[in-house]
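**Q** Fold the stuff below for me.
(one chain, ligands or ions: 1)
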Amino acid sequence: MSAETSRFATRAIHAGQQPDPATGAIMTPIYQTATYAQKSPGKFVEDFDYSRSSNPTRKALEANLASLEGGKFGLCFGSGCGAMDCVLHQLSPGDEVILCDDVYGGTNRLFNRVYDRHGIKVVLVDLTDLAGTEKAFTAKTRLVWLETPTNPMLKVIDIAAISRLCKARGAWLAVDNTFATPVLQNPLALGADIVCHSSTKYIGGHSDVVGGALITKDEAIHEKLKFVQNSVGAVPGPMDCFLLLRSTKTIHVRVERHCENAMKIARHLEAHKRFTRVIYPGLESHPQHAVAKKQMCKFGGMITAEMDGGLEDARRFLERLKIFSIAESLGGVESLIESPAIMTHASVPPEQRAKLGITDGLVRFSVGIEDVEDLIGDMEQALG
Ligand code: P1T
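**A** This next block holds a predicted model:
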């Protein structure tokens, strides 16, 4: 049995990596090189001619992530936004994209304020409404882009149902699987054409690398994406690829604990009088809890909650926390908290924020893997 055909934890540790052929080194070396000596012009080892095009450390990470998502091909980028940009580069002026209405602020900005200037029409749709989604397709729709759970409102979108709509109309479905992680949800198995990650988050897991990835099963799509990856050159350096390879070896145990801690905190917040609304896909009160149970094996480490006061109340709560740090980003072993309205989603137009319920009193928790009693104690002292 090869690493590629084994179970998740074995693949996390071994897929894409063999002891280094030159030395037997167990860990994939950091091939810190820009170029490679050729025996004769145009005759190089494997596909290694220049590190923008290919690098052994990056190649190992690309194969590892492809395996974790149940794909055949992986491509890595210098950031999650760099990965998204590679997909958007596949479009031409006049094409239309259906974009999930609740996405990371930077995703919204890339689609609506960069690509709109290049003649791409972006239509924002609530993808939890399947009938409304079906109506949003036109003959020009080439791509549907979604996150699930979404950032920051944690809506859960039925990937298989959206995939059926896309297949019937010849549009690609790209799923940003950053919040769910490959441990909890595999969009390719549910019919997605492309999976995207901000590997800055759970894949990296330690808040020390910015990175992105695209994974697919389809060779023709992969070739198109790889062409743009090489042409644009938003690739990660070998040191970052090494750090990410080190991280994927523990992703299954980290994510397990993130889920366990988040479930306990979500239940605690739900019973707390200072929080008027708690959104967590694992709670029975979540509007798409049934879809979450169907397509995820657990419910992740992200919680969004509304405080009873406004911005000033939320600000005081955040400032008083001692273990949670106030910071953008998520998915690291340490707990973070933020205010989407003035931090991660400040670039989303206020009308759209209001429509989605991104109010001033909303706070987003990235629950880490500390002792959960300490995290709950920290929140209690801050609320006290
Ligand atoms: O930051 P970068 O690696 O470029 O990834 C962008 C990105 C893509 N997709 C999702 C779902 C994301 O959450 C992000 C980045 N998000 C944050 C920085 C944040 O705090 O929400």
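
**Q** Would you map the helices across the chain?
**A** In chain order, the chain shows helices spanning 8-14, 56-68, 80-88, 105-109, 130-136, 159-169, 181-184, 219-232, 238-248, 251-270, 289-295, 311-320, 350-356, 372-383, with DSSP state H as the criterion.

**Q** Could you save these as CSV and add columns showing mean neighbour count, mean pLDDT and distance to the ligand?
**A** Where you see a C-beta, it was placed from the backbone N, CA and C, and this is true even at glycine. Listed next are these as CSV, based on neighbours: other C-beta atoms under 10 Å; pLDDT from 0 to 100; distance: least, C-beta to the nearest ligand atom, whole Å:
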stretch, mean neighbour count, mean pLDDT, distance to the ligand
helix 8-14, 18, 98, 20
helix 56-68, 24, 98, 14
helix 80-88, 23, 98, 2
helix 105-109, 19, 95, 5
helix 130-136, 14, 98, 19
helix 159-169, 18, 98, 15
helix 181-184, 26, 98, 11
helix 219-232, 15, 98, 14
helix 238-248, 22, 98, 11
helix 251-270, 20, 98, 15
helix 289-295, 18, 98, 16
helix 311-320, 16, 95, 14
helix 350-356, 14, 94, 14
helix 372-383, 16, 98, 19
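
**Q** where does V348 land on pLDDT?
**A** You'll see V348 listed with a pLDDT of 89.

**Q** neighbours around it, how many?
**A** 26 (other C-beta atoms under 10 Å).

**Q** what residues are up against it?
**A** Under the criterion of C-beta atoms under 8 Å, 6 or more residues apart in numbering, the contact partners of V348 comprise 105, 108, 356, 358.

**Q** hmm, try it at 10 Å
**A** For V348, the set of contacting residues under the criterion of C-beta atoms under 10 Å, 6 or more residues apart in numbering consists of 101-109, 112, 152, 340-341, 354-356, 358.

**Q** before we move on, back to that, now distance to R142 too, for the helices of the chain, in CSV please.
**A** As requested, the helices of the chain are arranged in CSV below (distance: least, C-beta to C-beta, whole Å):
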stretch, distance to R142
helix 8-14, 32
helix 56-68, 24
helix 80-88, 10
helix 105-109, 17
helix 130-136, 13
helix 159-169, 10
helix 181-184, 26
helix 219-232, 12
helix 238-248, 30
helix 251-270, 32
helix 289-295, 24
helix 311-320, 39
helix 350-356, 23
helix 372-383, 43
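
**Q** These: which one's closest to P41?
**A** Relative to P41, the nearest member of the helices of the chain by C-beta to C-beta is helix 219-232, separated by 19.6 Å.

**Q** who does the closest one touch, helix- and strand-wise?
**A** Judged by 3 or more C-beta pairs under 10 Å, 6 or more residues apart in numbering; DSSP states H and E, the packing partners of helix 219-232 are helix 56-68, strand 73-77, helix 80-88, strand 194-198, strand 212-216.
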